[in-house]
Structures are given as structure tokens and as C-alpha cells.
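> Have a look; sequence and predicted model below, questions after that.
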Amino acid sequence: MVAYSINQELLLFILKKNFKINKMQNFCEMDGNTMKRDYEMIILKNKRRRQKQLRIYKMLILFFASVALIMTIAITSRAASGGHQTYFKYYTGIIVQPGDTLNSIASRYMDSIHYGNSADYVDELKLMNNLDDSMTAHPGDYLIVPYYSTVFKK
């Protein structure tokens, strides 16, 4: 049997707080063994609560570490796979030939990866070359035309 040397007032305070007993006279009727057993139950209850909290903290740490690991693997595997092609945007100058229209120029230089349709490309041509909507390119005009390439040019 373990002997406890606990201040009786402190023990009464702990018991009152944990068991929510409002009247002090209820404690006075208890004998020493009952108080000691109740105190041991409180200690055991607190120990179990701390163990449960510790398990929850460990699970949270494990969860966040797993998420971080999965994200790292996903990012590095995508970078290593080489599935992403790098494109470089370039500009060239052309002279409009007889029979050329902005749509025919778009069909030669446009790619479907960077432009949704030929109208988007034609809009960019008009903007770059300062052409109004009513204006068209005439034979002999000099136009700046954008295009994309996977080859890097210096």
C-alpha cells in the first residue's frame, strides 16, 4: 500500500472540482480510504486523458508527414518524367504575298496548343501590327508574326 502525504484541503479542492460536489459537508462524511481511492481514480483518469491526447497528436503528425511526403513524390515524379514540353515564343517578320490573308498567315504560323482558334491568332496579329478590324494586309506589307518553337534560339 502506498502512503500518500497530501494536504487534505488540496485533496478536497481536487475532489470538489472533478466531481462537482458543491457542499463541503459531503466531504466531511468521507473517510480517508474513500478520499485516497477517489484521488487515485482522478490520477488514473488524467493519465488516460493525456495518453489519448498524445495518441491524437501522434496521428496528426503522421497524417501531415504523409501528406507532405505524397506531395513531394508527386512533384518530383512529374518533374523527372519529362512530360512537360517547354515552348519559346519568337517573332519573325514577313512580307505579305499576293493572295495572302490574315487567316492564311494564321494557318501557317499558329499552333493549336497556344491559341484556341485562328481568330485568336488573327486578333494578336492585328494588335501587334496596329491593324484595325476593318483593315487587312495588302501584298507587300511587312508584318510581325509570332510563333512558338521547342528549340531555344539565341
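Yes, it's here.
> CA only for contacts and neighbour counts going forward, please
Noted.
> Show me which positions of stretch 126-135 end up buried.
Lys126 (16 or more other CA atoms under 10 Å).
> can you pull out the helices in the protein?
8-19, 25-28, 32-81, 102-109, 118-128 (DSSP state H).
> and Pro139, how far is that from Ser112?
Distance, Pro139 to Ser112, by CA to CA, to the nearest Å: 26 Å.
> Between those two, which has more neighbouring residues?
Taking neighbours as other CA atoms under 10 Å, Pro139 and Ser112 compare with Pro139 leading, 13 against 10.
> my guess is the more buried one contacts Asp100, does it?
Yes: here Pro139 reaches Asp100: they are 7.4 Å apart, a contact under CA atoms under 8 Å.
> Which residue ranges make up the domains of this structure?
Following automatic domain parsing, one gets these domains for the chain: 8-79, 88-149.
> can I get those in JSON lines with mean pLDDT?
Output for the domains of the chain, formatted as JSON lines (pLDDT from 0 to 100):
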{"stretch": "domain 8-79", "mean pLDDT": "77"}
{"stretch": "domain 88-149", "mean pLDDT": "89"}
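> So which of these has the densest surroundings on average?
domain 88-149 (a mean of 14; mean count of other CA atoms under 10 Å).
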